[in-house]
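> Provided below are the primary sequence and the corresponding predicted coordinates.
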Amino acid sequence: MVSRIVSLAVNGREQEFIVHPGMSLLTVLRDLLGLTAAKRGCAQGACGSCTVLVDDRPVPACLVAVETVEGATVRTLEGVAVDGELDDVQNAFLDDFATQCGFCTSGMIMTAEALLAEKPTPTRAEVVEAISGNVCRCTGYEPIVTAVLDASRRRAVRDGRPS
Amino acid sequence: MLSNVLMPSSAAEAAGLLRDGGWLLGGGTVVMPKVNTGAVPVSRLICLHRAGLAGITVNGGSVSVGAATTLGALGADDRLLFLHPVVRSIASPPVRNLATVGGNLFVAQPYGDLAVALLALDARVEVVSADGTREVPVGTPVEPTEVVTDLRFALPAGLWRYRKAMRRKHNSASIVTVAAALTVTDGLVRTARIALGGVAPRPVRALAAERALVGAPLDGPSVEAAAHAASEGTEPFDDAYASAWYRARVLPVHVRRALLSEQ
């Protein structure tokens, strides 16, 4: 078996680790780095609970063979809050009751972060399309869509942009 | 059991490695679920990420799409707006950030909607093996030792139609997919290539529907006749999304709606 040393910049910090052939980014995050916000749901890219940003794009971490993204920049939910201060998306999820059991929340927030970085003022339909790969069995999605739109408005207000 | 993941730096190198066995790894959306459950019958994966196969070239009316181009990149290219509805009908944005154009040719129906569109576009596929390079029409079976490197097609000169019927608006497999390239002059259909997904194990041409349409006006009665002819040659199947009976029943409806651009 050919194991390899792989390095990634995870939440702004260079990390180096040894991986077995075919080991997923999700396994590296959870089992080697102790970053357990990304959840192992279906392990086939269908549920979205392991969504993280690789080079700023949201991807299901379970589908990424980590050897194939050597040198990439990875952002997980652990890298969203700064110095313990929740960001606008996290606050909106809390305030708008967008979390129930919490299993989908990490993936939902990372998908929302990517959407808002690309489209700061998305329409409701654009939010629905963006989170179409993230399954939530609790909320019925409405509070989540509302929270993402709320986060967009909070950022617009803070930045002095029209929302 | 998996013992190695190889990262060739060219298609020729990948083809050389493939001679000794293994699976190609594109975006990972098909292969990684099997890796995650230990259900990979090969000992090595040959990854195409670093093989220089990603990128889109549009030269006049000719389009060339590298096999490792992601669906996300294809759906963000403003030169190919006509393909955006196709891309957006496939999976979810995070999966599209990984899934590749070349890989879409090899996923079983009722997935692989881009392959249906490429069949309607009469796309050509460049294939590299240890023996050299060949170009084949899309849909031609390739050998396990061959690497798909490039897809080539002309921008539609006439009308382009695409419609995918699914259970939900986003991120759902096909019940019926219809893609069609038509040219119409003086009120009559001159050429028609109609491809169907979701109604056979592989994407299929609706040859009888094409024959019914050519020489006829693109209006209600002739489209209705073509839509009913579209069932010829299909082999609808049962799955979790729809029964074979249902697929057969709604196929003409969606062919008609696609061709007439009805909602």
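That came in fine, so what should we check first? Since we're looking at a predicted model, the values are computed, not measured.

> grab the nearest non-local neighbour of the closest residue to chain B within chain A.
Proximity of chain A to chain B (CB to the nearest CB) peaks at residue A:133, 2.4 Å away. All C-beta atoms are positioned from the backbone trio N, CA, C, and that covers glycine. Using CB to CB, 6 or more residues apart in numbering or on different chains and skipping the chain neighbours, the partner closest in space to residue A:133 is residue B:92 (2.4 Å).

> what number of residues lie near the one you found?
25 (other CB atoms under 10 Å in any protein chain shown).

> contacting residues for the residue of chain A closest to chain B?
A:45-46, A:48, A:51, A:60, A:111, B:91-95, B:171 (CB atoms under 8 Å, 6 or more residues apart in numbering or on different chains).

> now, which of these lie within helices?
Using DSSP state H, the members of the contacts of residue A:133 that fall within helices are A:111, B:93-95.

> quick one: secondary structure of residue B:262?
With DSSP: H, G, I helix; E, B strand; the rest coil as the basis, residue B:262 sits in coil.

> show the pLDDT at residue 156.
By default, I'm working from chain A. Looking at residue A:156, its pLDDT reads 96.

> hmm, I had chain B in mind actually
pLDDT at residue B:156 comes out at 98.

> can you check the pLDDT for the closest residue in space to it that isn't next to it in sequence?
Using CB to CB, 6+ apart and skipping residues adjacent in sequence, the residue nearest residue B:156 is residue B:181, 4.8 Å away. On pLDDT, residue B:181 comes in at 98.

> each with direction, which strands does the helix or strand where residue B:181 lies pair with?
In the assignment (DSSP states H and E), residue B:181 maps to strand B:176-185. Applying DSSP bridges to the sheet, strand B:176-185 is found paired with strand B:159-165 (antiparallel), strand B:188-197 (antiparallel).

> give the buried residues for the first one.
Neighbour-count burial for strand B:159-165, with 16 or more other CB atoms under 10 Å in any protein chain shown as criterion, is recorded at B:160-165.

> cool, stretch A:153-162 as well?
Neighbour-count burial for stretch A:153-162 flags A:154-155 (criterion: 16+ other CB under 10 Å).

> next up, the contacts around the residue nearest to residue A:133.
Counting by CB under 8 Å, 6+ apart, residue B:92 makes contact with A:48, A:132-134, B:170-171.

> between those residues, which is nearest residue B:15?
Among those, residue A:133 lies closest to residue B:15 (CB to CB), at 32.8 Å.

> what's the neighbour count on the closest residue to chain A within the stretch 151-263 of chain B?
Across the stretch 151-263 of chain B, no residue is closer to chain A than residue B:170, which sits at 3.5 Å (CB to the nearest CB). Residue B:170: 18 surrounding residues under other CB under 10 Å.

> give me the pLDDT value at the single nearest residue of the stretch 1-150 of chain B relative to chain A.
Nearest to chain A in the stretch 1-150 of chain B, going by CB to the nearest CB, is residue B:92, at a distance of 2.4 Å. pLDDT, residue B:92: 98.

> next one: residue A:129
For residue A:129, the model assigns a pLDDT of 97.

> surely it and residue B:91 touch.
No: Residue A:129 lies out of contact with residue B:91 (CB atoms under 8 Å); the separation is 11.6 Å.

> residues in contact with the lengthiest helix in chain B?
Secondary structure assigned by DSSP H gives helix B:244-259 as the longest helix of chain B. By CB under 8 Å, 6+ apart, the surrounding residues in contact with helix B:244-259 are B:161-163, B:165, B:175-176, B:178-180, B:182, B:194, B:196, B:198-199, B:206, B:209, B:213, B:218, B:223-224, B:226-228, B:230-231, B:234, B:236-238, B:262-263.

> and for stretch B:10-21?
B:6, B:8, B:24, B:42-44, B:46, B:48, B:51-53, B:128-130, B:144-147, B:149.

> would you mark the buried spots in that stretch?
B:11-18.

> about what we covered before: now do the longest helix of chain B: distance to the chain's middle.
19 Å (CA atoms, centre = their mean, to the nearest Å).

> quick one, which of the contacts of helix B:244-259 are buried?
Neighbour counting by 16+ other CB under 10 Å classes B:161-163, B:165, B:175-176, B:178-180, B:182, B:194, B:196, B:198-199, B:206, B:209, B:213, B:218, B:223-224, B:226-228, B:230-231, B:234, B:236 among these as buried.

> ok, the residue nearest to residue B:156 - how many residues close by?
25.

> also residue A:61?
Quick note: residue A:61 (other CB under 10 Å) scores 30 neighbours.

> report the secondary structure state of the most centrally placed residue in chain B.
In chain B, the residue lying closest to the centroid (CA atoms, centre = their mean) is residue B:115, at 0.9 Å. Recorded secondary structure, residue B:115: helix (three-state DSSP).

> wait, what's in contact with it?
Counting by CB under 8 Å, 6+ apart, residue B:115 touches B:104-105, B:107, B:138, B:197, B:203.

> this completes my enquiry, with thanks.
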